[in-house]
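**Q** Please find the sequence and the predicted model below.
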Amino acid sequence: MWDVFLSYSRQDASQVRLLHAEFVAAGLKVFTDESAVAGFAGISDTIRSALADSRVLLAYYSLGYPERPACQWELTAAFLAGLGEGDPRRRVLVVNPEPGTAHIHPVELRDTRHGEPETLVADVLAHLRQVPGPMRLDAAPPRVYGELPSAVGEFTGRLPDLWRLHSALHVQEAPLVTGRTSAGPVQLRGMPGIGKTRLAREYALRFGAAFPGGVHWAAAGAPRPPQAPEKPCLYVVDDVPHGLPPRAVMELTAPHPLVRTLLITRSRAYGGHGEHLDLEPLPEAAAAVLAGAPEIADAAAGHPGALGLLGRAAAAGRGPAALAGRLYQPGRSLLDELAGDELTADHVRDALSAPAEAQDVLRCALALSPLPAGAETVAPVLAAADRLPHAVALRRASAGLAELTVRGLLTPAPHHLHPVTAHSWLHHEGDPARAETLRRAVLSSLGAATTTLDGPGLRVPGVRQEGITMRVREAERMAAFDLQVELVSRIGVQELPADSGSLREALTSLNTLFSFTRDTLRRYSIGLEPGTAPTVRSVADHLLNEILRPFTTRWHPLLAAWEAHRPPHTSPLDHERGWAHAATFRSDLNALREPLQGVAASLAEISGAEFGISTGV
C-alpha cells in the first residue's frame, strides 16, 4: 500500500522530485509516475491500481496542473473517494506553489492549508493517521428521480468543466475565499450541441455522493422540484427556453436550502439569476480524439455534437475528407442524416423566431465568417442593402447583434459565428434572396468603402448608387421616437407646480427643443415628404413654428430684461418671484401642455410607442 500518491504536471517534475525525497526520508511510501500517461482517454490501469492502493493523493497544484488531463482524472478519482466517505478533503492534499488560489478547483480545496514547506512533511504524517486504509474508487451510483438523458460516445475533454460546475454549485463550502455563505442557482449555458446536458449528466453520475438526497432531473416544460428533502440534493432543469419572464425563471428554481438547482439553457438572457457557467467548444486535443481525423476536427471547430457524429461515421469507414466536403453540399444536412433526426433545425430554432433585424445580422455574420461581426461592420452593409441612413442601420445592427448574443447564436464581443451554427442556418434559410443581397453587400464592404448621401456606406453590386432613393419609413419611426422621448420629459408637457421651479429653466428647456429637433431631422436625413398623413417633418414644423416660437419670442426678452435688474445679493429664484409677469408666464406655460401633448400623440402614431401620457385629444 502506498502512503502518498503524487499527482503533478510534467512541467513541475523537478520540484516534485524534491518533495518525493523528503517524504521517503520521513519513511513514507510514495508513488510517482514518471511516464507519459495518455491524455484524454483517462488514467491507465496501472495508475488506477496505484491510486486505489494509496491512502491519500497529494496534488502539486501549479497553474499548469489543471491543463493536464491525467492530473484531472487522478484528482477527480481521489476527491470522489473522499466525498463517498463524507469529506472530500479526506483523500486529497494540496501543495499550492502559486500566490493565489483562484486556479484551484474544486472550491472546497481552496480554503485548506496548502502545504507550507516547513511543515509539509509533519502535516502529511498527521493527516495520514486519520486515514489508515486505501481509498475506495468505486462509489455507489446516485439515486435518480426522473429520467437521465441517454449518452452516446465517451465523455472527453470536459473534466475542468466538471470542476468548475462543482465549484459553482458549492461556493458556500469555502466562505473564507468566496465570500459566500449560501449557494444560489447555477446556469449551464452554451450553444446547441455543445455538451451542456452531457456535462450535467456526467456530473450527476460522478458526483452523486455530494447529493445523498438524490439527483432530480426534469425538463423545463414539466418541472418536478424535490419536496421537503432531508438531505442535500441536486435539481437539474434541462432545456430552459429563451424568452421566459423573470418570474417564470425564478419558479424553476427550488427554494429549499438543501437543494442545488442547475438550469441548462442556451439563452444568455437570465444573467441576473444566480451564477452562470458558459460552455465553450472543446480544446483542440480533445476535439482531435473525438474526430479521429484533422479534416473533421477543423470542420466541426470543437463542437462535440458534430464531432461525435462525424467521428463515428469516419470510424465506420466513410472517408474524413468526403465527410467534411458533404457539410457544404446542398440538400439535407449531413448532420441530420447521420443523426437520423432534424437536429440542425433545433440548433437554429431561436434564430428562426428572432426579429427580422437579428436574422439579417445573422446572414451578415455568415457572409463575414470567420471574421467577427461588429455593429460598425454590419451597419454599412444594412445601409447599402436597404438604402437606410447610417444612424438607422447602426441601430438595427446593434439590436440584431444583442439579440443573437442573448439567444446564444453569436459569441459575446467579438461576435463570432460557430461553423455548426452557420451550417444549420444555411439548411434552414427562409429567404435565400435576402441572404444573397446581404452576401453581395458584405463582399462589397470588404472592398473599398465609399460615401453615400447618408454618411458611411457601400456600393451594392448591381445597384446604381446615384439612383438610390432613401427608404424613410424606419428613419421616420426612429426620429419620431427620439423626439417623443425628449418632448415628454420637458417642462410644458409636465406641469410646473405653482410657486415652485425656475421660470428661466423652464424657458431654457423649451428653447433646447429647437436645436434637438433640427439635429434629429439631420441625423435621420428626414426630408419633406408629400402626403396627408403626419410626417416627422410636418409635426416638427408645427412644434417649432406654431407652438414654441410664439411663446419663446414673447417671453424670452421680457424675462431677460427683468433678470438684468437683479440686485447682487438676491437669488435668481427670489428675483423671479418678484416679477410682475410671473403669474402670467406660468399661465401661458401651462397653456402649452395641451398642444405639446398633441404633438407627443402625433409622434406616437409614427413611432408606435406610448408613454402613458393623457393627450386630451
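**A** Yep, that arrived. Residues are numbered from 1 along each chain as shown.
**Q** where do the strands sit along the stretch 301-450 of the chain?
**A** Under the criterion DSSP state E, counting those that start in this stretch, the stretch 301-450 of the chain contains strands at 450-452.
**Q** How about the stretch 451-600 of the chain?
**A** Under DSSP E, counting those that start in this stretch, the stretch 451-600 of the chain gives strands at 455-457.
**Q** tell me, what residue is most central in this protein?
**A** Nearest to the mean C-alpha position of the chain, by CA atoms, centre = their mean, lies residue 268 at 4.3 Å.
**Q** hey, what's residue 5 bridged with?
**A** residue 31, residue 57 (DSSP bridges).
**Q** that older thread, specify the local secondary structure of the residue nearest to the centre of the chain.
**A** Put simply, residue 268 is coil when judged by DSSP: H, G, I helix; E, B strand; the rest coil.
**Q** residues contacting it?
**A** By CB atoms under 8 Å, 6 or more residues apart in numbering, the contact list for residue 268 reads 189, 405-408, 412. Every C-beta, even on glycine, is put in place using the N, C-alpha and C of the backbone.
**Q** just residue 134 next, same as before
**A** Taking CB under 8 Å, 6+ apart, one finds 1-2, 52-55 in contact with residue 134.
**Q** which among those gets closest to residue 242?
**A** Nearest to residue 242 among the contacts of residue 134: residue 52, at 45.1 Å, using CB to CB.
**Q** burial count for the closest residue to residue 547 other than its chain neighbours?
**A** Using CB to CB, 6 or more residues apart in numbering and skipping residues adjacent in sequence, the residue nearest residue 547 is residue 595, 4.9 Å away. Neighbourhood size, residue 595 [other CB atoms under 10 Å]: 19.
**Q** Pretty sure residue 93 sits in a strand.
**A** Yes - read with three-state DSSP, residue 93 is one of the residues of a strand.
**Q** residues in contact with the closest residue to it other than its chain neighbours?
**A** Excluding the flanking residues, the one nearest residue 93 by CB to CB, 6+ apart is residue 58, at 4.5 Å. By CB under 8 Å, 6+ apart, the contact list for residue 58 reads 4-7, 19, 92-95, 115, 124.
**Q** now do residue 362
**A** Residue 362 sits next to 351, 354, 400, 404, 409-410, 417, 425 when contact means CB under 8 Å, 6+ apart.
**Q** can you rerun that using 7 Å?
**A** Each residue near residue 362 by CB atoms under 7 Å, 6 or more residues apart in numbering is listed here: 351, 404, 409, 425.
**Q** among those, who's most crowded?
**A** For the contacts of residue 362, neighbours tallied by other CB under 10 Å; top is residue 409, 28 neighbours.
**Q** re the thing from before, make a PyMOL selection of the buried ones in the contacts of residue 268.
**A** Selection of the buried residues among the contacts of residue 268 in PyMOL, burial being defined by 16 or more other CB atoms under 10 Å:
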select buried, resi 189+405+406+407+408
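**Q** Check the spatially closest residue to residue 486 that is not a sequence neighbour and give its pLDDT.
**A** Setting aside the residues directly before and after it, residue 486 is nearest to residue 516 in space (CB to CB, 6+ apart), at 5.6 Å. pLDDT for residue 516: 87.
**Q** Tally up the residues packed near residue 567, please.
**A** 8.
**Q** what residues does the lengthiest helix in the chain touch?
**A** For the chain, the longest helix by residue count, based on DSSP state H, is helix 503-523. Helix 503-523 is contacted by residues 391, 479, 482-483, 486, 490-492, 496, 537, 540, 543-544, 548, 551-552, 555-556, 559, 572, 576, 582, 585, 589 when judged by CB under 7 Å, 6+ apart.
**Q** As TSV, the contacts of residue 58 with neighbour count would be great.
**A** As requested, the contacts of residue 58 are exported to TSV (neighbours: other CB atoms under 10 Å):
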residue	neighbour count
4	23
5	27
6	21
7	30
19	23
92	28
93	24
94	20
95	22
115	20
124	22
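**Q** Which entry within the residues you listed corresponds to the minimum pLDDT?
**A** pLDDT is lowest at residue 115 among the contacts of residue 58; the value there is 64.
**Q** Is there a neighbour count for residue 256? I'd like the number.
**A** Applying other CB under 10 Å, we find 17 residues neighbouring residue 256.
**Q** which residues does it contact?
**A** Counting by CB under 7 Å, 6+ apart, residue 256 makes contact with 226, 229.
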